[in-house]
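J.: 3D, please:
(one chain, ligands or ions: 1)
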Amino acid sequence: PHDASASRRSYDVDALAEEIVEKLTYSIGKSPARARKYDWLRAVTLTVRDRIIDHWLEAEDARAASGGKQVAYLSMEFLIGRLLRDAINNLNLTTQVAEALKRYNVDLDMIELLEPDAALGNGGLGRLAACFMESMASVGVPGFGYGIRYVHGFFRQEIADGAQVELPENWLLHGNPWEFERRERSYEIGFGGKVTSVVGEPGKPPRQLWRPAERVLAVAYDTPIVGWRGAHVNTLRLWSAQALDPILLDAFNSGDHIGALVESNKAEAITRVLYPADSHQAGQELRLRQEFFFSSASLQDIIRRHLETNESLSNLHDKVSIQLNDTHPAVSVAELMRLLVDVHGMEWDEAWEITRQTFSYTNHTLLPEALEHWPIHLFERLLPRQMQIIYAINAAVIRQAMESKGFDGGRIAAISLIDENNGRRVRMGQLAFVGSHAVNGVSALHTDLMKETVFHALHELYPDRIQNKTNGVTPRRWLMEANPGLTSLLKETIGEGFLDDISKIRDVERFATDAGFRDRFAAVKRENKARLADVISERLAISVDPDALFDIQVKRIHEYKRQFLNIIEAVALYDQIRSQPATNWTPRVKVFAGKAAPSYLQAKEIIHLANDVARVINSDPAVRDLLKVVFIPNYNVSLAEIIMPAADISEQISTAGLEASGTGNMKFALNGALTIGTLDGANVEMRDHIGEENIFIFGLTASEVAQRRREGHSGRSVIEGLPLLRDALHAISSGVFSPDEPNRYNGLVGNLYNNDWWMIAADFQSYWDTQRRADALWADPAEWNRKAILNTARMSWFSSDRSIREYAADIWRTGTDA
Ligand code: 26Q
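T.: Numbering: from 1, shown residues only. Below you'll find the predicted structure:
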């Protein structure tokens, strides 16, 4: 065991300064005089990392000694962003490290900016996994995150002539000082081949033996994740694919030097790149390979670790809880059954009980086009034994449904793991559901809708299985690190207790009516807006006034998220400002950022439109700086850290019923932005916590949307009755913003007339009116700031610490420290 007292690294400035230079000298081979910025970053990272390692080894020892239950969080995505500031903050080392570096004339803030973002995720789901890892380490839930070490994370976005261009991202270019390669933790992963029956002992069923045609190696890379005050350190274990035989010697020796590398190229392709789609399942073979690859590696690792300290696998579910982050790792259900039954010789029924007790599943979407289902022929060819197991599970579930609940016909089809209607497919949601003891949605509304829609029949069959776990965000990254100004103000005003227990942030509520505090709160916001204005000026050469109202929508670009609605409002406002120049308009800056999936053409048109509208409005002198529109390219975690604290208005305007939760909504409100939003996802619960008078709610409700769709709503009659909307749409479709290609937006606008599936026309008037109410409130800064303060004060329930404690208590049944 690790002897903490003997090796613990010091936290004082002298020791840190000395050690940074030691790393520079002996780990990097540079003298301070010759070191470049990147060398300093590496030296600081290694120095901080040593302190984490002390805690990490202790955590490992404590865990092994306690023999308690652990959580394995399986996720295709971990959108962690930069780690250095997070680590320094959580170790409470910020002033000491900054001081130590100052001795060499090096600025910590500048160094931190050099670290690349680890963008191993698309958006909300991946960022949630990252917040959960940090909260598990802060709250004291011993756990592993399991995922994929993509060589290329989420693409880098540039805007060229107004349109999105995707460029490869290369986060590992300068090496990754946070990770530890664990060659000894590697596993073989099979694909393809055949299953043969082997006659077993008398009276026992034959054993099935899978002989894969291909094998690749999964190698572990570990990154320590340190919690608040270094109390706990968990491990993020990411798998990298390697060829078993890196080079085919026969081919090489016979002169085919390129052909000799084919195998290794194919193997390594599995973990080469993150799929950049978050709303469409394309059904590509490589994606299924990725899913199985990391699922099987993680399960083999869990089993190996279990058997290091336990005699058998019969108590696996007492020692580990496996959370499936959406259906992406759902093949794990079949793979664990295979490992238990075929490899470890367990009886089917016992294996099924253990499997169900071990797994739980989180659903993040109701959008039919995003639900994963794999063509049977593909599944069978790639994973023949897992396919057999899925058939066997399905037969048992259907039998039970018929026997216990008298299911027949349509209701059997609804629960079946096989979709017979669209050219036979495996439905991963159904597989994850039946293979889990708990299934959760990510906001109260979303969980209710899950019961009524996608999982209606399964909910009838297993009425206790679905529960809600509303999402949260970590206040360390999203308040303390992103908004140091507000954090200091809060410390001065209510003391430091909220740093350890975010619910104490509520103490600031009584200062909402204190004019002195309000002014200081507003001053912090203004500084944060000036910082964002600098970024906008540097990156886009557009100047925006930090005293204008900053109205911000940042998230993936999606039709259901309705950036289009926001843009139409900007166009209508532009029109009004020009035609009524004497009106006392509120100066506004509308900020957009976000990426579109490369194959999602409508989403790319929306980006193009935002940029076209921005160009025209920003260069029109008639607008006199009353309105600016800005699209900031390449939205990522680091940019979000600058944006969240700088918003006055947070746009959360999805078509009701479609945003499962949202988490950006929480980050904005925690930092004192007022939300304009629909009654969707977690907005509903935010309204309950913040108070309906402190949030701008508008638009159709989820049930009204469903009702309108049933009635065959189309936008035409609505548009024709609203001149403001009609004129704005006409401007867009007649080429006012795209003179080089006047018809560019005919399709986008035509959809609103003919169909309006996303209820943009239906909600326009209500949205417009609500924006004007916001204008009116802006005219009363004391009142605006009072509400903003109440937002900050009342958001603590949306901490991911609370989410994690709920998962630990209700699903994982692990202890926590607090
Ligand atoms: C599936 C199959 C093939 C390729 C890609 C995918 C795929 C990848 C990513 C499907 C979905 C995603 C990501 C979904 C996502 O981020 N959902 C968001 O999850 C957040 C956390 O719960 C919620 O707050 C958001 O409301 C939800 O949109």
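J.: If we go by neighbour counts, what in stretch 41-56 is buried?
T.: Neighbour counts over stretch 41-56 (16 or more other CB atoms under 10 Å) mark 41-49, 51-56 as buried. To be clear about C-beta, it is placed using only N, CA and C from the backbone, and glycine gets the same treatment.
J.: Do me a favour and average the pLDDT over it.
T.: Per-residue pLDDT over stretch 41-56 has a mean of 96.
J.: out of the buried residues of stretch 41-56, who's nearest residue 733?
T.: Nearest to residue 733 among the buried residues of stretch 41-56 is residue 41, at 49.3 Å by CB to CB.
J.: by contact count, what packs against the helix or strand where that closest one lies?
T.: Per DSSP states H and E: residue 41 is located in helix 37-66. Applying 3 or more CB pairs under 8 Å, 6 or more residues apart in numbering; DSSP states H and E, one finds that helix 37-66 contacts helix 4-7, helix 13-26, helix 84-90, helix 94-102, helix 108-112, strand 214-226, strand 233-243.
J.: Export those as CSV, with columns for mean pLDDT and mean neighbour count.
T.: CSV is the format used below for the helices and strands packed on helix 37-66 (pLDDT from 0 to 100; neighbours: other CB atoms under 10 Å):
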stretch, mean pLDDT, mean neighbour count
helix 4-7, 51, 8
helix 13-26, 97, 18
helix 84-90, 98, 22
helix 94-102, 98, 18
helix 108-112, 97, 16
strand 214-226, 97, 22
strand 233-243, 97, 23
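J.: what about these, which gets the closest to the ligand?
T.: With CB to the nearest ligand atom as the criterion, the ligand lies closest to strand 233-243 of those, at 16.8 Å.
J.: follow-up on the earlier one: let's have the helices and strands packed on helix 37-66 in JSON lines, adding distance to residue 418.
T.: Listed next are these as JSON lines, based on distance: least, CB to CB, whole Å:
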{"stretch": "helix 4-7", "distance to residue 418": "54"}
{"stretch": "helix 13-26", "distance to residue 418": "56"}
{"stretch": "helix 84-90", "distance to residue 418": "44"}
{"stretch": "helix 94-102", "distance to residue 418": "55"}
{"stretch": "helix 108-112", "distance to residue 418": "51"}
{"stretch": "strand 214-226", "distance to residue 418": "25"}
{"stretch": "strand 233-243", "distance to residue 418": "29"}
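J.: I'd like the ones you listed as JSON lines, with distance to the ligand appended.
T.: Listed next are these as JSON lines, based on distance: least, CB to the nearest ligand atom, whole Å:
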{"stretch": "helix 4-7", "distance to the ligand": "37"}
{"stretch": "helix 13-26", "distance to the ligand": "37"}
{"stretch": "helix 84-90", "distance to the ligand": "20"}
{"stretch": "helix 94-102", "distance to the ligand": "29"}
{"stretch": "helix 108-112", "distance to the ligand": "26"}
{"stretch": "strand 214-226", "distance to the ligand": "19"}
{"stretch": "strand 233-243", "distance to the ligand": "17"}
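J.: picking up where we left off before, tell me which of the buried residues of stretch 41-56 is nearest to residue 383?
T.: residue 56 (35.0 Å).
J.: Test my guess that the closest one contacts residue 233.
T.: Yes - with contacts counted by CB atoms under 8 Å, residue 56 reaches residue 233, the gap being 4.1 Å.
J.: Quick check: neighbours shared by these two?
T.: Shared contacts of residue 56 and residue 233 (CB atoms under 8 Å, 6 or more residues apart in numbering): 224, 226.
J.: Next, the closest residue to the ligand within the chain: phi, psi?
T.: In the chain, no residue comes nearer to the ligand than residue 124, which is 2.8 Å away by CB to the nearest ligand atom. For residue 124, the backbone dihedrals (degrees, to the nearest 10) come out as phi -50, psi -50.
J.: measure it to residue 732 for me?
T.: Residue 124 sits 28 Å away from residue 732, going by CB to CB, to the nearest Å.
J.: What of residue 774?
T.: Distance, residue 774 to residue 732, using CB to CB: 23 Å.
J.: bridging residues for the nearest residue to residue 183 once chain neighbours are set aside?
T.: Distance criterion CB to CB, 6 or more residues apart in numbering; nearest residue to residue 183, sequence neighbours excluded, is residue 219 at 6.4 Å. For residue 219, the beta-bridge partners are residue 186, residue 240 (DSSP bridges).
J.: Does residue 219 touch residue 244 like I think?
T.: No - applying CB under 8 Å, one finds residue 219 not in contact with residue 244, separated by 11.1 Å.
J.: what stretches of the stretch 151-300 of the chain score poorly on pLDDT?
T.: Counting by pLDDT under 70, not a single residue of the stretch 151-300 of the chain qualifies.
J.: Quick one: the strands in it, in order.
T.: 156-160, 163-167, 180-191, 194-198, 207-211, 214-226, 233-243 (DSSP state E, counting those that start in this stretch).
J.: hey, C-alpha coordinates of the fourth one in PDB?
T.: It stands for strand 194-198. Only the C-alpha atoms of strand 194-198 are listed here, as PDB (Å, rounded to 0.1, in the frame of the first residue of the first chain):
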ATOM      1  CA  LYS A 194     -18.900 -18.400 -36.100                       C
ATOM      2  CA  VAL A 195     -20.500 -19.900 -33.100                       C
ATOM      3  CA  THR A 196     -20.200 -23.600 -32.400                       C
ATOM      4  CA  SER A 197     -22.100 -25.800 -30.000                       C
ATOM      5  CA  VAL A 198     -19.900 -27.800 -27.700                       C
END
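J.: in its sheet, what does that strand sit against?
T.: strand 207-211 (antiparallel).
J.: Please enumerate residues in contact with the partner strand?
T.: Strand 207-211 is contacted from outside by 190, 193-198, 200, 338, 341-342, 345, 384-385, 388, using CB under 8 Å, 6+ apart.
J.: Around the nearest residue to residue 415 once chain neighbours are set aside, how many other residues sit close by?
T.: Spatial nearest neighbour of residue 415, excluding adjacent residues (CB to CB, 6+ apart): residue 457 at 4.8 Å. Neighbour count for residue 457, taken as other CB atoms under 10 Å: 19.
J.: What are the neighbouring residues in contact with residue 457?
T.: 407, 411, 414, 415.
J.: between those, which has the most around it?
T.: The member of these that has the most neighbours, counting by other CB under 10 Å, is residue 415 with 25 neighbours.
J.: quick one: contacts for it?
T.: Residues in contact with residue 415 (CB under 8 Å, 6+ apart) are 397, 398, 401, 407, 430, 434, 457, 458, 461.
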